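Student: got a predicted model here, sequence first, then my questions.
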Amino acid sequence: MKKIINTIKSYFYRDILKPTLKSRQDISTLSDLELASLYRETRDKELVGELFRRYTRFVFLVCMNYLEEEEKARDATMQVFETLYTGLVKHEIRNFKSWLHVVTKNHCLMQLRGRKQEQLAHGEWQKVYSADMESTAILNPYDDKEESLQDLEAAILMLSKEQRICIELFYLRKKSYNEIAEITGDSYQEVKSHIQNGKRNLKILLTRQNEH
């Protein structure tokens, strides 16, 4: 996952941001809405670059949920951020992350409609849960609540490193226990434990989030 995100960032910075980078105040201190508003005024691509740094992982996970394949998700992530150059100008945004989620989801659905695979994409998580031991609704983002995927992303980031890696490899990249063991160097039983404990901890974290 980290290697994929770094690859996307490298391409984005090299081919898109490099021509516009210049010395200026630290924009990392600005809020999402301040960056969006300032971009509408200046059209400075470095401002979109800061949003990219903040939300690359989030957009990639949304794309993976719909498109299933890493290469397609990686390409879609780039395409989504490239649309921000015009989208941020056209739309008045009140919650950037929620708006970005909708933009990303719609972009993926348009791709799937072209390949007549929308139904398959919406059933992706349900197929994963059909296995006896892994059957659960914990990770299902399709509950008609825009905030659910945001809550899921935040909860995943709160897991231990071992649990997070195993959860992402199993659910997002469709790796088997044996494949995950080879990638991480953990034993089969350790992988199994990380996934089971990760699911349990996600349920606890998401329950707490829903209570607030």
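Tutor: Looks like it arrived, so ask away.
Student: can you map out the helices along this protein?
Tutor: Using DSSP state H, the helices of the chain run over 2-12, 32-42, 45-67, 70-90, 96-114, 118-122, 124-129, 147-157, 161-167, 177-184, 188-211.
Student: deepest of those, which one?
Tutor: Of all the helices of the chain, helix 45-67 carries the top mean neighbour count, a mean of 21, counting by mean count of other C-beta atoms under 10 Å. C-betas here are computed from N, CA, C, even on glycine.
Student: remind me what that one packs against, helices and strands.
Tutor: helix 2-12, helix 32-42, helix 70-90, helix 96-114, helix 118-122, helix 124-129, helix 147-157 (3 or more C-beta pairs under 8 Å, 6 or more residues apart in numbering; DSSP states H and E).
Student: mind doing that once more with 7 Å?
Tutor: helix 2-12, helix 32-42, helix 70-90, helix 96-114, helix 147-157 (3 or more C-beta pairs under 7 Å, 6 or more residues apart in numbering; DSSP states H and E).
Student: who are the packing partners of the third one?
Tutor: Meaning helix 70-90. helix 2-12, helix 32-42, helix 45-67, helix 96-114.
Student: can I get those in JSON lines with distance to residue 157 and mean pLDDT?
Tutor: JSON lines is the format used below for the helices and strands packed on helix 70-90 (distance: least, C-beta to C-beta, whole Å; pLDDT from 0 to 100):
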{"stretch": "helix 2-12", "distance to residue 157": "13", "mean pLDDT": "59"}
{"stretch": "helix 32-42", "distance to residue 157": "17", "mean pLDDT": "91"}
{"stretch": "helix 45-67", "distance to residue 157": "9", "mean pLDDT": "90"}
{"stretch": "helix 96-114", "distance to residue 157": "14", "mean pLDDT": "85"}
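Student: redo those as TSV? Include distance to residue 192.
Tutor: Compiled in TSV, these are given as follows (distance: least, C-beta to C-beta, whole Å):
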stretch	distance to residue 192
helix 2-12	23
helix 32-42	39
helix 45-67	22
helix 96-114	31
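Student: of all those helices, which lies closest to residue 196?
Tutor: helix 45-67 (21.2 Å; C-beta to C-beta).
Student: hang on, the earlier thing: out of the helices and strands packed on helix 45-67, which is closest to residue 170?
Tutor: Nearest of the helices and strands packed on helix 45-67 (C-beta to C-beta): helix 147-157, 12.0 Å.
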